[in-house]
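[1] Turn this into a model:
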Amino acid sequence: MPPRTKLTTLDRGRALGWLQDGVSGREVSRRLGVSHSVIQQLHQRFQTTGSAVERPRSGRPRCTDRRDDRYLQLLALRNRTNTRRTLIGNFRAATNVTISRMTVTRRLREVRLHSRTVVRPPLTPGHRRARMAFCRNHRRWNRQQWGRVLFTDESRFTLSSCDARIRAWRRPGESFIDACVQEHDRYGGGSVMVWAGFPPVPY
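    The predicted structure is shown next:
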């Protein structure tokens, strides 16, 4: 295992105590399991400043400000199926600032926007009313009643190309809102349909 490159507050105090007691820097680094250069930098900083606290590091500056971040979020919410490349292009055209794909991901994750996909068959208002009525009529069924039901499902296997599902930017709890769901006709050509039935689980 390579030696550590950072010291905890307790370890910094222990290291300085040993150094003041005459223990060599290499021996201190061996005891704490860090590289010798870490102990040298700690000792030099303490002799220069009289403190063992690490100086604050600014890190890489953000390439966007709060106004830019809000505008990027607005672009994603206006059209939730925009790809990162499209968002970068629209953002650059409006602000003259070039950002990376990772910057787009980080800024949108800060407001809990994630790229996900949900596919459903096209539903007319009649379909929706029928599904809601079914749920209401069967919500109080017990296990014995559901045990007499045979559940079926169909899966489509595309023969020629990928489905290329479109992803949408959404927050937690927005999985099934219309703006985040792609309607898809499962009975198009160029595929094989496989049907299966699932008998009730014995209890």
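[2] mind listing the helices for the protein?
    9-20, 25-32, 36-49, 66-78, 84-95, 101-110, 125-138, 143-146 (DSSP state H).
[3] residues in contact with Gln40?
    Neighbouring residues of Gln40 by C-beta atoms under 8 Å, 6 or more residues apart in numbering: Gly25. All C-beta atoms are positioned from the backbone trio N, CA, C, and that covers glycine.
[4] That one and Ser24, how far apart?
    In this view, Gln40 and Ser24 are 11 Å apart by C-beta to C-beta, to the nearest Å.
[5] ok, now Ala130?
    Noted for Ala130: a distance of 82 Å to Ser24, by C-beta to C-beta.
[6] just Ala94 next, same as before
    As judged by C-beta to C-beta, Ala94 and Ser24 stand 60 Å apart.
[7] likewise Thr48?
    20 Å.
[8] In terms of neighbours, single out the busier of the two.
    When Thr48 and Ser24 are compared for neighbours, Ser24 comes out ahead with 12 against 8, by other C-beta atoms under 10 Å.
[9] for the more buried one, what are its contacts?
    By C-beta under 8 Å, 6+ apart, Ser24 lies in contact with nothing.
[10] any idea how far Glu27 is from His36?
    Counting by C-beta to C-beta, the gap from His36 to Glu27 is 10 Å.
[11] which stretches of this structure aren't confidently modelled?
    Along the chain, the model assigns pLDDT under 70 to residues 1-5, 55-59, 155-165, 183-203.
[12] residue nearest the centroid of it?
    Central residue of the chain (C-alpha atoms, centre = their mean): His114, 6.0 Å from the mean position.
[13] Is that residue in contact with Arg167, as I believe?
    No. His114 lies out of contact with Arg167 (C-beta atoms under 8 Å); the separation is 9.3 Å.
[14] in stretch 101-109, what's buried?
    Neighbour counts over stretch 101-109 (16 or more other C-beta atoms under 10 Å) mark 103-104, 107-108 as buried.
[15] Now that stretch - C-alpha only, PDB.
    Output of stretch 101-109 as PDB, limited to C-alpha atoms (Å, rounded to 0.1, in the frame of the first residue of the first chain):
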ATOM      1  CA  ARG A 101     -20.200  17.600 -20.500                       C
ATOM      2  CA  MET A 102     -19.100  17.000 -16.900                       C
ATOM      3  CA  THR A 103     -19.900  20.600 -16.000                       C
ATOM      4  CA  VAL A 104     -23.400  20.200 -17.300                       C
ATOM      5  CA  THR A 105     -23.800  17.000 -15.300                       C
ATOM      6  CA  ARG A 106     -22.500  18.500 -12.100                       C
ATOM      7  CA  ARG A 107     -24.500  21.700 -12.300                       C
ATOM      8  CA  LEU A 108     -27.800  19.800 -13.000                       C
ATOM      9  CA  ARG A 109     -27.100  17.300 -10.200                       C
END
